[in-house]
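Enquirer: I would like to see how this sequence folds:
(one chain, ligands or ions: 1)
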Amino acid sequence: INELGIKIPVALHLDHGGSFEDCKNAIDAGFTSVMIDASKYEIDENIKITKSVVNYAGDEITVEAEVGHVGGQEDDVIGDIHYASVEDSVKIVNSTGIFMLAPALGSVHGPYKGDPKLNFERMAEINNLLKTPLVLHGGTGIYDEQIKTSIQCGIAKININTDLQLVWTESVRKFLEEDKKEYDPRKVIGSGEVSLKNKVKEKLILTESANKA
Ligand code: 13P
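Expert: Residues are numbered from 1 along each chain as shown. Coordinates of the predicted model:
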């Protein structure tokens, strides 16, 4: 329930679960949604692991899977971009019954080196073949126009992390520089709250998600 007394549906989602065990632990702990990221395996192994998570999750928990590979760096793991194929995208959805699919189509986690090169044509093609909502990872550093085009090409969920970390850290750094005496961690951590919330609002408006809950 938000500050205006309005009930907002919120999912508690595990991002990039690396194994069946990770996803099982999250589901057992009360998560309402999980991502199984078995994208480092070849497609048949990816499907096998993803299917085991879908079976465990049942009807109440939504499951997301990844094909191809989102490049860049996340939690100290660095990887290259591998564009998802249309065939693998269709195959994993049809053989597992996942709720959402993240086909890696040129995005990276963290900052981009150069301009993002998203394959919109393939995104639209996958979307036209499947009813499954598509997920765009690596939302930081993708130009606003590209975000809008992605939504037109079937993207229904956008993951944005680094952008939020950047504004929060910038505010906390400024706060500590301006007040060398403060030592209360609640105030230090809290000093990044407003800028973080504003960035979330900005992204909700950009992605046309505001007031849609
Ligand atoms: P960014 O940190 O690049 O926004 O990526 C977030 C993400 O895709 C998490 O899964």
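Enquirer: residue contacts, Ile160?
Expert: By Cβ atoms under 8 Å, 6 or more residues apart in numbering, Ile160 lies in contact with 139-140, 203. Just so you know, the C-beta spots here come from the backbone N, C-alpha and C atoms, and that holds for glycine as well.
Enquirer: Gly97 too?
Expert: Applying Cβ under 8 Å, 6+ apart, the residues near Gly97 are Val54.
Enquirer: quick one, phi/psi of it?
Expert: phi 70, psi 30 (degrees, to the nearest 10).
Enquirer: From Gln73, how far out is it?
Expert: 31 Å (Cβ to Cβ, to the nearest Å).
Enquirer: Spatially, which residue comes closest to the residue positioned nearest the centre of the chain, not counting chain neighbours?
Expert: In the chain, the residue lying closest to the centroid (Cα atoms, centre = their mean) is Asn159, at 2.9 Å. With Cβ to Cβ, 6 or more residues apart in numbering as the criterion, Asn159 has its nearest non-adjacent residue at 4.8 Å, and that residue is His137.
Enquirer: tell me how far stretch 176-192 is from the chain's mean position?
Expert: Relative to its chain's centre, stretch 176-192 lies at 30 Å (Cα atoms, centre = their mean, to the nearest Å).
Enquirer: Tell me the span between the first and last residue of it.
Expert: The first residue of stretch 176-192 is 11 Å away from its last residue (Cα to Cα, to the nearest Å).
Enquirer: what comes up buried for that stretch?
Expert: Neighbour-count burial for stretch 176-192 flags 191-192 (criterion: 16 or more other Cβ atoms under 10 Å).
Enquirer: average model confidence for it?
Expert: Across stretch 176-192, the average pLDDT comes to 97.
Enquirer: Give me the residues contacting that stretch.
Expert: For stretch 176-192, contacts defined as Cβ under 8 Å, 6+ apart pick out 167-169, 171-172, 174-175.
Enquirer: Quick check: buried residues in the lengthiest helix in the chain?
Expert: As assigned by DSSP state H, the longest helix anywhere in the chain is helix 162-178. The neighbour-count check on helix 162-178 (16+ other Cβ under 10 Å) flags 162-164, 167-168, 171-172, 175 as buried.
Enquirer: Let me have those in a markdown table, extended by distance to Asp37.
Expert: Shown next, in a markdown table, are the buried residues of helix 162-178 (distance: Cβ to Cβ, whole Å):
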| residue | distance to Asp37 |
| --- | --- |
| Thr162 | 17 |
| Asp163 | 21 |
| Leu164 | 20 |
| Val167 | 26 |
| Trp168 | 25 |
| Ser171 | 31 |
| Val172 | 30 |
| Phe175 | 35 |
